[in-house]
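Colleague: The sequence and its predicted three-dimensional model are supplied below.
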Amino acid sequence: MLLFLALLAVVAIILIVVLVIVLLQPGPPRIPIGPGESTTEPKERPDAQSADCPDVLTLVIPGTWESSADDDPYTPTANPQSLMLRVSGALADEFPSSRTSVYTVPYVAQFRNPTNLADRQRDYDFSRSQGYKRAAGKIIQTNRNCPLTRYVIMGFSQGAVIAGDLASNIGNGRGVLDASDQDLVLGVGLIADGRRESGKQNDIGPSPEGVGAEVALAGMGRLVPGITMTGPRAGGFGELADRVQSICAPGDLICDSPTITNPIRAVSQLAGAIDNPVHAMYATTDYWSLDGTSATQWMYGWASSVISDAPRPAHN
């Protein structure tokens, strides 16, 4: 019996690795933690900022195959079917750029399949590292030039991992923004976060019991070249926990993976998910909905409300 259970556990691990690759259709499931500890003393904020500074920077991070390293961050065209375009495009149409500047992070957004020798894409570790550095760099630059600008950060799949890591580092005082500037982050929206842990943030709507694929496979670490499984975020989201909104559809293995402590349940769930394209359907109400709205519709409504209620700093 013990041998049988051990065999099932091995099968479960293999299935998860394969399915993480297969299910990353519009986007998949560590990001090298950015700069070190936050700087020494809090900055004193001015009474006003430059006229060309937006009240809010809406930072959007697309999922796998939904961006490119040279895409235009203000008019992204790398993938017209990008899930996050449904949110960012609506926000850009609703608000003038003076109220919110909608910036879509351009990064390679790829996920090389290590089992396919012909796959010439950049690997996951490189992709998310580039995405993190570019997203963090935009926040750092904006904060330097526009010290009163607030932030809304959103991401899907690989982009949600990056956005969540940004929020975790900021909320735990590990850089990007000084600890005294944590209040500038108005909200963080994550769809299909590969490092999700139930209850560590505001779980919206139908929320499954599983964990993100990177948490489920944390014991594998760097076992698969180019796909580092980083486990849970140290300190969760820290001071930002109550500002993080997370959406995960039951059965989406990127954010709802079974833990390997129950191999029989894991094998059953994984086998049933092979023909279930949950991860690609967040713009519909097929697998996740709340009061009749899809995940993208909910995220747009939430972000719109946060931006509408944001402070209006003086400009000079």
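Modeller: Perfect, thanks for sending it. Numbers count the residues shown, from 1 in each chain.
Colleague: Can you verify residue 190 is assigned to a strand?
Modeller: Yes - counting by DSSP: H, G, I helix; E, B strand; the rest coil, residue 190 is found in a strand.
Colleague: Adjust the sequence numbering to begin at 55 for everything that follows.
Modeller: All right, first residue 55 from here; so that's residue 244.
Colleague: residue contacts, it?
Modeller: 208, 209, 214, 217, 218, 250, 255, 298, 299, 300, 301 (C-beta atoms under 8 Å, 6 or more residues apart in numbering). In short, each C-beta sits where N, CA and C put it, glycine included.
Colleague: Find me whatever residue is spatially closest to it, sequence neighbours aside.
Modeller: With C-beta to C-beta, 6 or more residues apart in numbering as the criterion, residue 244 has its nearest non-adjacent residue at 4.2 Å, and that residue is residue 214.
Colleague: so that neighbour is in which element?
Modeller: helix 212-225 (DSSP states H and E).
Colleague: in that helix, what's buried?
Modeller: By 16 or more other C-beta atoms under 10 Å, the buried positions in helix 212-225 come out as 212-225.
Colleague: And residue 123, which helix or strand is it part of?
Modeller: With DSSP H and E as criterion, residue 123 is part of no helix or strand.
Colleague: Burial check on it, number of neighbours?
Modeller: 15 (other C-beta atoms under 10 Å).
Colleague: which residues sit in contact with the residue lying closest to it once chain neighbours are set aside?
Modeller: Leaving aside its sequence neighbours, residue 123 sits nearest to residue 162 (C-beta to C-beta, 6+ apart; 4.8 Å). Residue 162 makes contact with 121, 122, 123, 176, 180, 181, 184, 185 under the criterion C-beta under 8 Å, 6+ apart.
Colleague: In helices only, show me those.
Modeller: Taking DSSP state H, the ones among the contacts of residue 162 that sit in helices are 180, 181, 184, 185.
Colleague: ok, of those, which come out buried?
Modeller: 181, 184, 185.
Colleague: Give me the distance between the first one and residue 248.
Modeller: This means residue 181. Computed as C-beta to C-beta, to the nearest Å, the residue 181 to residue 248 distance reads 12 Å.
Colleague: list the residues that contact both of those two?
Modeller: Taking C-beta under 8 Å, 6+ apart as the criterion, residue 181 and residue 248 both touch residue 212.
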